[in-house]
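Enquirer: with the sequence up front, the predicted model follows.
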Amino acid sequence: MTDWLNSQVVMPEVLEQINWTPEERANAWKELQKIKEVHQAARNSSLTWCDYFVELMTKSDEEHGEERTDRKILRLAHQAILAKAQTPGANHDQWLFSFNAKSEMQPYMFYVRALKRVQDGTYSWLPASASPIIEDIGS
């Protein structure tokens with residue numbers, strides 16, 4: 001299964017079209033490295049990564065608003081997909097797709113929420129020349 005997952009590197013069109021600021025582009029790799037370090041630290045302790053990450057995202061929603069949280073998770077996912085395409089098998093996206101059957105919320109749910117909001121026009125992060133996104137994400 002791992003080989004198949006690592007061979008399926010797909011950048012969603014909506015994610016590929018987002019206008020990232022120069023600062024976001026410059027900091028994306030550092031942010032991805034930081035989330036991967038936190039993920040590894042949680043896995044090496046008694047913490048459940050899924051619950052820890054959901055708590056981080058929920059706290060971010062409350063303190064900074066859902067739009068900022070959504071943009072951050074999309075930026076991290078974008079960078080993880082780029083890194084995975086360059087180095088398949090390096091688990092750059094494991095932090096996002098970890099799963100805990102005992103948890104109601106999962107990390108990927110924040111990713112899907114953000115993708116849907118960009119797709120449906122809640123956020124105007126796409127260039128004006130971008131074609132409308134036709135396919136439905138996660139329905």
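Expert: Structure's in. What do you need?
Enquirer: tell me the first helix or strand C-terminal of the helix or strand of the chain with the lowest mean pLDDT.
Expert: Using mean pLDDT, DSSP states H and E, the weakest-scoring helix or strand in the chain turns out to be helix 2-7, at a mean of 66. The first helix or strand that comes after helix 2-7 along the chain, using DSSP states H and E, is helix 13-16.
Enquirer: buried sites along that following helix?
Expert: V14, L15 (16 or more other Cβ atoms under 10 Å). C-beta: built from backbone N, CA, C; applies to glycine.
Enquirer: what do you get for stretch 50-61?
Expert: C50, D51, Y52, F53, V54, M57, S60, D61.
Enquirer: so which strand or helix has the fifth one?
Expert: V54 is located in helix 49-64, with elements delineated by DSSP H and E.
Enquirer: from the contact counts, what lies against that helix?
Expert: helix 22-44, helix 66-86, helix 107-119 (3 or more Cβ pairs under 8 Å, 6 or more residues apart in numbering; DSSP states H and E).
Enquirer: ranking the ones you listed by mean pLDDT, which is last?
Expert: Note on the helices and strands packed on helix 49-64: helix 22-44 shows the lowest mean pLDDT, a mean of 86.
Enquirer: look up how far Y52 lies from S46.
Expert: 11 Å (Cβ to Cβ, to the nearest Å).
Enquirer: mind listing what V118 touches?
Expert: With contact taken as Cβ atoms under 8 Å, 6 or more residues apart in numbering, V118 is in contact with V14, L15, I18, D70, L74, W125, L126, I133.
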